[in-house]
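# pasting the structure only:
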């Protein structure tokens, strides 16, 4: 098996990525929402006067600016230590792709270029052509005009149109069968092709998000809506949705198949900071005027939005309604909590000469041990983009060193000095695992490749199969900051993803200089999980570890 993998490494640009995408994503038959989606939410500390149409118009324009930088290869690559670049191959599939359902295996359809986006509002679909033949991108004021026409359109959705998107949330085989039966000809095929070839999907929601930035319950609700929705207002096959609420608050929902969270975080940081910069200075055709509308003058002739047409049978609509009920059960079972930690952040941890990521992971281990009464399988994703077409590797933060640290923290007889020493050892081990994973010395993806080859050859291995099919109770990831290098360094709110195990958690965290955001998700139906309870455990763990460090420093 190892020889087969080694032979592939000699002829392929990356010996694991295509197998990983095939086995981890494209052959999976589960529903995409929650199970295979990531999300990000607005920078809630920024609040300007804008309208839904003007905010969406500016963000759409910045998205297309980012796409142009990718297409012209002028996007500055992410550099490690300002020296070594990350592979940017994933960016090529960020815009224009769509995951097409298959009876046994899906595939990614990727257009080399696309001059339009699709807008979804009140169950109606519109095509907006935003790039002209010369490659020029429509100005925000023009996009705003088109979006206002959509918002003012009094024509309702046709029969079945308002719930057709829910089919993309179905079991993949069920969706593939429905696609073949109901979307292979006529107006449905034309509409489907328009959506699948769009650069991305813009959703104009009727709901207002985070009207009070200090209300954490609103933030929890917002994050849950961005992770998954059962309202048939997401086309989950697309690479990502830009979602703008009635009050202009925005977020995104992205499919995990084509790329990883780092790439979407990069785009999100870019459009958020460009939007902030446009408000802080007069940038001509960008930003908002005193009335909250887009700056700039309208040309004499503006393109019009084109309404997509559909025609559904009763049987097809009944199938949509059935899938909608199934999706409601899935989405409504998600328990989301966004924890804002303001007591300390990146600066404090660095002052202690500790790895910030290692510090937080050890706090997670302490909170997990208190919560479950035992240590559980824990996963943290790290990028392998130092290699061409690299995606991720898995770190196992629950090490012998982390267990020793947690034991010292829970032992009342342990001194703060011994706790500090155990913390340093655990953080050093975690950093070593992180570096090794980034430079190709991890084990998870290699064992996955061996198992993939074994299954293809009919050489079943119980060890490889059990190892690669393992579901982690605690699945974690760090949301990176300042990938764009754009100023100002406004504290972001981050984003997250769904839990892997029905009795486990998904936890994504984001650092600022003086604080942190934690996005926690689990299932209501599990008797052993509660997002708010775990948030309390984590907050206490952070405080206890800081107290131990400070007490040791003062001795």
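That came through, no problem. This structure is a prediction, so every number in the text was calculated from the model and none was measured. Residues are numbered from 1 along each chain as shown.
# wasn't residue 336 part of a strand?
Yes. Per DSSP: H, G, I helix; E, B strand; the rest coil, residue 336 lies within a strand segment.
# per-residue pLDDT, it?
Per-residue pLDDT puts residue 336 at 96.
# how about the contacts made by it?
Residues near residue 336 by CB atoms under 8 Å, 6 or more residues apart in numbering: 220-221, 223-224, 227, 496, 519-521, 531. In this view, the C-beta of every residue, glycine as well, is placed from N, C-alpha and C.
# now residue 248. Nearest residue, chain neighbours left out?
residue 55 (3.7 Å; CB to CB, 6 or more residues apart in numbering).
# that neighbour: neighbour count?
Number of residues near residue 55 (other CB atoms under 10 Å) recorded here: 25.
# so how far is residue 62 from it?
11 Å (CB to CB, to the nearest Å).
# name the residues contacting each of these two.
Looking at what touches both residue 55 and residue 62 (by CB under 8 Å, 6+ apart), the common residues are residue 275.
# pass me the low-pLDDT residue ranges in the stretch 1-150 of the chain, would you?
45-47 (pLDDT under 70).
# run through the helices of it in chain order.
2-11, 17-20, 52-71, 140-152 (DSSP state H, counting those that start in this stretch).
# with the stretch 151-300 of the chain instead?
172-182, 186-196, 216-227, 261-280.
# does residue 536 fall in a helix, a strand, or a coil region?
helix.
# okay, now it: neighbour count?
Residue 536, neighbours per other CB under 10 Å, totals 15.
# helix, strand or coil for residue 517?
Assignment for residue 517 (three-state DSSP): strand.
# likewise residue 394?
Assignment for residue 394 (three-state DSSP): strand.
# OK, contacts around it?
Residue 394 touches 379-382, 437, 442, 444-445, counting by CB under 8 Å, 6+ apart.
# just give me the closest of these to residue 310.
residue 381 (38.6 Å; CB to CB).
# what's that closest one in contact with, if anything?
260-261, 392-395, 476-477.
# taking helix 2-11 as reference, get the angle to the helix or strand containing residue 452.
Element membership for residue 452, per DSSP states H and E: helix 444-457. Relative orientation of helix 444-457 versus helix 2-11 (axes from the mean of the first three to the mean of the last three CA atoms, to 10 degrees): 110 degrees.
# residues contacting the next helix or strand after helix 444-457, please?
Sequence-wise, the next helix or strand downstream of helix 444-457 (DSSP H and E) is helix 462-468. For helix 462-468, the external contacting residues (CB under 8 Å, 6+ apart) are 447-448, 450-451, 454-455.
# how about helix 462-468: buried residues?
464, 468 (16 or more other CB atoms under 10 Å).
# now stretch 372-382
Neighbour-count burial for stretch 372-382 [16+ other CB under 10 Å]: 372, 376, 378-382.
# could you tell me the end-to-end distance of it?
Start-to-end span of stretch 372-382 (CA to CA, to the nearest Å) is 25 Å.
# quick one: it to chain centroid distance?
Its chain's average C-alpha position is 21 Å from that of stretch 372-382, according to CA atoms, centre = their mean, to the nearest Å.
# how about the contacts made by the nearest residue to residue 328 once chain neighbours are set aside?
Among residues not flanking residue 328 along the chain, residue 230 sits closest, at 4.2 Å (CB to CB, 6+ apart). Counting by CB under 8 Å, 6+ apart, residue 230 touches 33, 166, 169, 324, 327-328, 330-332.
# also residue 380?
Residue 380 neighbours (CB under 8 Å, 6+ apart): 357, 361, 394-395, 397, 476-478.
# distance check, it against residue 396.
Distance from residue 380 to residue 396, by CB to CB: 8 Å.
# kindly report the same for residue 3.
Distance from residue 3 to residue 396, by CB to CB: 27 Å.
# more neighbours, those two?
residue 396 (17 against 8).
# give me the pLDDT for that one.
On the pLDDT scale, residue 396 gets 96.
# touching, it and residue 433? I think so.
Yes. Counting by CB atoms under 8 Å, residue 396 does reach residue 433; the two are 7.2 Å apart.
# which of the residues in stretch 535-550 are buried?
So, applying 16+ other CB under 10 Å, buried residues of stretch 535-550: 535, 537-539, 541-542, 544-546, 548-549.
# my bad, stretch 394-410
394-399, 401-402, 404-406, 408-409.
# do stretch 441-451 as well
442, 444-446, 448-451.
# okay, the residues you listed in JSON lines with pLDDT and distance to residue 136 next?
Below are the buried residues of stretch 441-451 laid out as JSON lines (pLDDT from 0 to 100; distance: CB to CB, whole Å):
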{"residue": "442", "pLDDT": "94", "distance to residue 136": "45"}
{"residue": "444", "pLDDT": "95", "distance to residue 136": "45"}
{"residue": "445", "pLDDT": "95", "distance to residue 136": "42"}
{"residue": "446", "pLDDT": "95", "distance to residue 136": "47"}
{"residue": "448", "pLDDT": "96", "distance to residue 136": "44"}
{"residue": "449", "pLDDT": "96", "distance to residue 136": "45"}
{"residue": "450", "pLDDT": "96", "distance to residue 136": "50"}
{"residue": "451", "pLDDT": "96", "distance to residue 136": "49"}
